[in-house]
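Student: below are the sequence and a predicted model for it; my questions follow.
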Amino acid sequence: MRKEERVNEVVKLVRHASTQVWKFYEIKEDKILLRRKKCPRCGSFMAEHENRFSCGKCGYTEFKTSIKGP
Ligand SMILES: [Zn+2]
């Protein structure tokens, strides 16, 4: 299978899954990159904030790398 065909297959799968999900993906060469973090609790996409990720579905919050103390 050619590179382009492979990408099209994934695109079809992702598109079929959900149009909402689609915008969280990015196609780079022959790879589909997930741009958003997924909630480890419920599997939904998490919203990215300045210092944390939060899940709008179950309320799970994950803070980004901890503060560097002395
Ligand atoms: Zn969640």
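Tutor: Sure thing, it's come through.

Student: and this structure, split by domain according to the record?
Tutor: 1-35, 36-70 (automatic domain parsing).

Student: among those, show the one with the smallest mean pLDDT.
Tutor: Among those, domain 1-35 carries the lowest mean pLDDT, at a mean of 67.

Student: mind listing the strands for this structure?
Tutor: Under the criterion DSSP state E, the chain contains strands at 25-28, 31-34, 46-48, 52-55, 61-63.

Student: how about the residues of the chain by the ion?
Tutor: 39, 41, 42, 44, 55, 57, 58, 60 (Cβ under 5 Å from the ion). To be clear about C-beta, it is placed using only N, CA and C from the backbone, and glycine gets the same treatment.

Student: filter those residues to the buried ones?
Tutor: 39, 55 (16 or more other Cβ atoms under 10 Å).

Student: residues near residue 37, how many?
Tutor: Look at residue 37: counted by other Cβ atoms under 10 Å, it has 16 neighbours.
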